[in-house]
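Colleague: Whatever this is, show me its structure:
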Amino acid sequence: MSTLIEDLEHRRWQAMVESDLPVLEELLHPNLRYTHSTAVVDSKESYIKAIQEGVFDYRNIETSDVEIQLFGQLALINGSAKITVLARGKEFVLNSRYTCMWMQEENWRFLAWHNTPIPA
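Modeller: Residues are numbered from 1 along each chain as shown. Okay, the predicted model is just below:
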């Protein structure tokens, strides 16, 4: 099962970098809460709109130390990420630890994201 979650995570990261809105629409749960490193929280609608409008233009994402734990219909993922993103006209490289969650109803959907910057 963790292989399925790994594949879904890969699809999500790839869709973010490619601004593939149909794939994000499919993968993101309607009740998504996406908490950015700035503490701003997006819903599914506001997050997709921000990508569509270029507010967030993900350039590259590298993950490491990924751990997947399954709890029935929930998958909890912890890891590290180096995210290169053009946000509001300025390129940033974010090094952070993250926690995210997928939930299975009919299909697995991405439910929550929260990350914390790693001090330089």
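
Colleague: Partner strands of the host helix or strand of residue 75 and their direction?
Modeller: Assessed by DSSP states H and E, residue 75 sits inside strand 74-87. Using DSSP bridges, strand 74-87 pairs in its sheet with strand 56-71 (antiparallel), strand 90-104 (antiparallel).

Colleague: Pull out the buried positions in that strand.
Modeller: 75, 77, 79, 81, 83, 85, 87 (16 or more other Cβ atoms under 10 Å). C-beta coordinates here come from the backbone N, C-alpha and C atoms, glycine included.

Colleague: CSV please, covering these and showing pLDDT and distance to residue 108.
Modeller: Converted to CSV, those look like this (pLDDT from 0 to 100; distance: Cβ to Cβ, whole Å):
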residue, pLDDT, distance to residue 108
75, 98, 7
77, 98, 12
79, 97, 17
81, 97, 20
83, 95, 22
85, 93, 25
87, 83, 28
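
Colleague: hmm, back to that, which residues touch the strand holding residue 75?
Modeller: Residues outside strand 74-87 that contact it (Cβ atoms under 8 Å, 6 or more residues apart in numbering) are 1-2, 5, 9, 54-70, 91-104, 108, 115, 118.
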